[in-house]
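> Need the 3D shape of this:
(4 chains)
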Protein chains: 2
Amino acid sequence: MNRQEVTGVTGLRERKKQRTRDALIRTAHELFVAQGYERTTVDEIADAVEVSQRTFFRYFANKEEVAFALQRAVEERFFVAVGERPEHEAPLQVLRNALGTAWSGIGEVIEEVVPLELFMRMCRVIETSPTLVAVHLRRSAQQEDRLAVEIARRAGVDPESDPRPRVLAAAFSGVLRLAGRRWAACGETSIESAQRFYENHLDRLGPALAEDWHAAPESDGPLPERRG
Amino acid sequence: MNRQEVTGVTGLRERKKQRTRDALIRTAHELFVAQGYERTTVDEIADAVEVSQRTFFRYFANKEEVAFALQRAVEERFFVAVGERPEHEAPLQVLRNALGTAWSGIGEVIEEVVPLELFMRMCRVIETSPTLVAVHLRRSAQQEDRLAVEIARRAGVDPESDPRPRVLAAAFSGVLRLAGRRWAACGETSIESAQRFYENHLDRLGPALAEDWHAAPESDGPLPERRG
DNA sequence: GAGCCTAATGACAGGCTCTGACAATTTGCA
DNA sequence: TGCAAATTGTCAGAGCCTGTCATTAGGCTC
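Take a look at the predicted model:
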């Protein structure tokens, strides 16, 4: 570890690389949102940033990766937030509350690379492209795995012998993706609307598993109209 | 609709097509299992069946599709089984019981195209290839959607305004995929072992969502060792 | 500041997936 | 048998991705 890594002041080489990477992400997002993921070629992105196609593939392993570059930031914030929840909280509540923390203030992080509006539109592009949906689901599954381990650690149980952490993570992850899909289907683009979708859907997980559905669905009406 | 469609006795042309299709599926499965999905090219499959690469792509839209051709049969049986469950059964129980019905007797259907052993090995290949995992997850999501509609129909609720059908389908689907992944991770290749994994995991869904995890995990011990 | 080392890039070739177009072949049917 | 339609093969080409090698540019020493 040298001086540059400690102070965060990197050389020209590192700064240049970061600028190239950000430019690729930004340009890719603009093109994907404007003309769709499938109809945008890697050559187009590379040409717009004035680098060779080969250079693009040195920054991103494949075309999909650049589309998910910013999702990683959100995921990391979520895991940090999970770690900061009080120990006594019920497992499902930890996840629900950490999600709220993760989304609040994510704006500044994203804005360093692309306008927030563009990021939110890209989220919707992901939900509409078959290829990206598949990759998104695989990434979610990986996060689910990681989450199960963290849940088990917090609860002090062994994730290999006790199935509850993995089952909870699976249910949580499943409901989250459902909420994301339904948010994409509605017209809104604000962070707040996305947050509302997530929380509302999570709050319905318990009731949905109840034995008898012939009781009233919920005291405060159907979900899409509910506001936070 | 002509005579052939009614009687099921099709002409030589139709039978020939079916044979080509089955041969492609069978050969693809053998190659995927033997050398892996990524390391098998479409040319190899086509050459082995003695058709042109172009013909392969007339039978399957892409390389992934041939890997999932037989999964469809299982899925269809499941939906049929759901429709045959008694009306009064609790939603989650309908799904759990339909799953058992779908898997019992699936062997004969599969054996018409490939040896059952090969099919089960292919299931494991799917879980180990990043590309196929992504596609598998997308397909599961589509089935989840379809399932939610069916659940809502049975329960007599509207899937657009009442979130419970979709939430239950999401949780069910999530736990199912978890079980499939863990089955692939263990060494077994029998249908019975897969069935056992599915049922055991589903039975843990309720307890996993309980508020307090400090009570005993389950009366009959950790899951992987449990037998049906 | 000159010169060297290493990291980053560009240029090129090539493999693999997938599609469109057209010609050749095969089947079904009159 | 002979025609119409379905099926297939061949060919060309776009797009994604990788390996290789020469070139360029940044960092560091003296």
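
> which residues in chain A form strands?
With DSSP state E as the criterion, chain A has no strands.

> What parts of it come near DNA strand C?
Residues of chain A that fall close to DNA strand C, judged by C-beta under 7 Å from any atom of the strand: A:13-14, A:16-17, A:20, A:50-52, A:54-55, A:58-59. Just so you know, the C-beta spots here come from the backbone N, C-alpha and C atoms, and that holds for glycine as well.

> any low-confidence regions in chain A?
Scanning chain A for pLDDT under 70 picks out A:1-10, A:209-228.

> can we see that at 80?
Within chain A, the ranges that satisfy pLDDT under 80 run A:1-12, A:105, A:163, A:206-228.

> Centre-most residue in it?
With distances taken as C-alpha atoms, centre = their mean, residue A:71 lies nearest the centre of chain A, 4.5 Å away.

> Contact partners for that residue?
residue A:139 (C-beta atoms under 8 Å, 6 or more residues apart in numbering or on different chains).

> Equivalent analysis for residue A:49, please.
By C-beta under 8 Å, 6+ apart, the contact set of residue A:49 is A:20, A:23-24, A:27, A:56.

> Residue in chain A with the shortest distance to DNA strand D?
residue A:11 (2.1 Å; C-beta to the nearest atom of the strand).

> Can you give me the neighbour number for that residue?
A count of nearby residues for residue A:11, using other C-beta atoms under 10 Å in any protein chain shown, gives 9.

> could you measure it against residue A:21, distance?
16 Å (C-beta to C-beta, to the nearest Å).

> Kindly report the same for residue A:131.
22 Å.

> cool, residue A:92 as well?
Using C-beta to C-beta, one gets 37 Å for the distance from residue A:92 to residue A:21.

> ok, the two, which is more surrounded?
Shown here are residue A:92 and residue A:21; by other C-beta under 10 Å, residue A:92 has more neighbours (19 against 16).

> Surely that one and residue A:175 touch.
No. Judged on C-beta atoms under 8 Å, residue A:92 makes no contact with residue A:175 at a distance of 10.3 Å.

> intersection of neighbour lists for the two?
A:202, A:205.

> Now do the same contact list for residue A:181.
Residue A:181 neighbours (C-beta under 8 Å, 6+ apart): residue A:127.

> try it again with 10 Å
For residue A:181, the contact set (C-beta atoms under 10 Å, 6 or more residues apart in numbering or on different chains) comprises A:127, A:133, A:136, A:197, B:141, B:144-145, B:166, B:170.

> can you check residue A:48 too?
Residue A:48 touches A:23-24, A:26-28, A:30-31, counting by C-beta under 10 Å, 6+ apart.

> One more pass at 6 Å, please.
Residue A:48 makes contact with residue A:27, according to C-beta atoms under 6 Å, 6 or more residues apart in numbering or on different chains.

> and what of residue A:140?
Contacts of residue A:140 (C-beta under 6 Å, 6+ apart): A:173, A:177.

> Could you report the distance from it to DNA strand C?
Remark: distance between residue A:140 and DNA strand C (C-beta to the nearest atom of the strand, to the nearest Å) = 22 Å.

> again with residue A:184
For residue A:184, the distance to DNA strand C (C-beta to the nearest atom of the strand) stands at 24 Å.

> Give me the spatial nearest neighbour of that residue, chain neighbours excluded.
residue A:127 (3.7 Å; C-beta to C-beta, 6 or more residues apart in numbering or on different chains).

> circling back to that earlier point, name the member of the contacts of residue A:181 with the most neighbours.
Most surrounded of those: other C-beta under 10 Å gives residue B:170, at 30 neighbours.

> and that one, what does it touch?
Counted by C-beta under 6 Å, 6+ apart, residue B:170 has contacts A:174-175, A:178.
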